[in-house]
Every structure is written in C-alpha cells, then in structure tokens.
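In: structure for this input, please:
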Amino acid sequence: MRPKLSQRGAGVSEPPRIIIFSAPRPFTGSVGARQSLVVRSWLALSPQIAVVLFSKDPYIVSFTGAFDSRVLVEPNIGFT
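Out: Residues are numbered from 1 along each chain as shown. Next up, the predicted model:
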C-alpha cells in the first residue's frame, strides 16, 4: 500500500507550486538566446512554475518584465 501524502490544511485544492532557481550568465549573444529559451520552456511546462534568477545583469531585469510575477530577479547575492 502506498503512503498518502499529507496536505497543509483540510480541503486545500490548490495545486503544488514549483520554483526553479538559476544563476544564469549575462544574457548576451547566443548564450543569452539559449538562456532566454530555457526560461520560456520552464514556464511553458505548467502555470504553477515560477523562476527566480540570481543576477545583477540589467538586461535580465528587463527580460523578466514580460512574465509578470512568474519570473523574479534576485540581485542581492554574493557571487564570489
């Protein structure tokens, strides 16, 4: 018999949310095009997927503006 997964709160019908964390290189040239495609493909998997990008690249901030709250940028991280 398979064990049942417990749910937080009774009667919760909200599907699970998946958050993908990534620290991409700057979105320039062919590398940038591939990384853009990767983020778009992650988002196409499900509406419950969100992406957090760790970066200080200004282009990434403008890139994420097209995705509402599903793609966030966290620039306050040490990259050393």
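In: how about low-confidence regions in this structure?
Out: 1-13, 79 (pLDDT under 70).
In: where do the strands sit along it?
Out: For the chain, applying DSSP state E gives strands covering 18-22, 49-54, 71-74.
In: surely residue 59 and residue 25 touch.
Out: No - Residue 59 is beyond contact range of residue 25, at 11.3 Å (criterion: CB atoms under 8 Å). (Glycine included, C-beta is placed from N, CA and C.)
In: redo the strands of the chain as CSV? Include distance to residue 65 and mean neighbour count.
Out: Shown next, in CSV, are the strands of the chain (distance: least, CB to CB, whole Å; neighbours: other CB atoms under 10 Å):
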stretch, distance to residue 65, mean neighbour count
strand 18-22, 17, 12
strand 49-54, 12, 18
strand 71-74, 9, 16
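In: in a markdown table, list those strands along with distance to residue 64.
Out: Formatted as a markdown table, those follow (distance: least, CB to CB, whole Å):
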| stretch | distance to residue 64 |
| --- | --- |
| strand 18-22 | 12 |
| strand 49-54 | 7 |
| strand 71-74 | 4 |
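In: how near is residue 59 to residue 23?
Out: Distance, residue 59 to residue 23, by CB to CB, to the nearest Å: 15 Å.
In: what do you get for residue 40?
Out: 18 Å.
In: which residues touch the residue nearest to the spatial centre of the chain?
Out: Central residue of the chain (CA atoms, centre = their mean): residue 51, 0.6 Å from the mean position. Residue 51 makes contact with 19-22, 39, 42-43, 67, 70-72 under the criterion CB atoms under 8 Å, 6 or more residues apart in numbering.
In: could you do residue 46 as well?
Out: Residue 46 touches residue 18, counting by CB under 8 Å, 6+ apart.
In: could you point out the longest helix in the protein?
Out: Longest helix in the chain by number of residues (criterion: DSSP state H): helix 29-45.
In: buried residues in stretch 62-80?
Out: Using 16 or more other CB atoms under 10 Å as the test for burial, stretch 62-80 gives 63-64, 70-71, 73.
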